[in-house]
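prediction below, plus the sequence it came from.
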Amino acid sequence: MDAVQIEYFKTILNEQLAKLFTQAGIALSELANQNDHEIEYLDRASVYTDQALKLKIKSRESRLIRKVRQALERIENGTYGMCEECGEPISVKRLEARPVAAKCIDCKENEERREMLVKPQS
C-alpha cells in the first residue's frame, strides 16, 4: 500500500472517530437530561427500554471507537493493511468496505467458521 492510500485511510478513520465521539456525546447528553418529572408523564417501561437500547448502541460504538483507534495505531507503526493473522496484505477493496479490518477476508472467514463451530446450539 502506498503513502497516498495510507493517508486516505487515515483521513477516513479520523473522520469516523470524530463522528463517533459526536454521536456518543449527543446520546449521553440525552440520557443525562431525561429527568424523573418527564418520566412521570410517560410510560416508564417504554422510557427504560429506550434507554437500554441507547446504552446498547453506545456499547457497540465504544467497541468501534476502540477498533478505529487500533487501526490508526497500525497506520502509525506501519502494519496497517497487513493481516494480523497470516501477515498477507488486506485487499484495498476490503479496507474500503471496512477500514478497521485487521484480517484479510480469508482469515476472517476462517475465524467466523471456527466461532460457529464452538457456539452453543440454541
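Received the coordinates, thanks.

show the end-to-end separation of stretch 80-94, please.
As for stretch 80-94, its first-to-last residue distance stands at 13 Å under the measure Cα to Cα, to the nearest Å.

give the buried residues for that stretch.
Within stretch 80-94, the residues that count as buried by 16 or more other Cβ atoms under 10 Å are Tyr80, Gly81, Met82, Cys83, Ile90, Arg94. Yep, even glycine has a C-beta here, placed from its N, CA and C like the rest.

ok, these vs Lys103, which is closest?
Distance ranking of the buried residues of stretch 80-94 against Lys103, using Cβ to Cβ, places Cys83 first at 5.1 Å.

quick check: the nearest residue to that closest one once chain neighbours are set aside vs Arg60, distance?
Across the structure, with Cβ to Cβ, 6 or more residues apart in numbering as the measure, the residue nearest Cys83 apart from its sequence neighbours is Cys104 (4.1 Å). Distance, Cys104 to Arg60, by Cβ to Cβ, to the nearest Å: 24 Å.

now what about stretch 6-25, what contacts it?
By Cβ atoms under 8 Å, 6 or more residues apart in numbering, the list of residues contacting stretch 6-25 from outside reads 58, 61-62, 64-65, 68-69, 71-72, 75, 80-81, 95, 99-100.

related to what we said a few turns ago, my read: the residue nearest to Cys83 touches Glu84, true?
No - between Cys104 and Glu84 there is no contact, the gap being 9.3 Å when judged by Cβ atoms under 8 Å.

for the protein, name the helix or strand with the lowest mean pLDDT.
When the helices and strands of the chain are compared on mean pLDDT, DSSP states H and E, helix 36-41 comes out lowest with a mean of 54.

now the contacts of stretch 6-25: which count as buried?
With neighbours counted by 16+ other Cβ under 10 Å, the contacts of stretch 6-25 contain buried members at Lys58, Glu61, Ile65, Val68, Ala71, Leu72, Ile75, Tyr80, Gly81, Leu95, Pro99, Val100.

no further questions, thank you.
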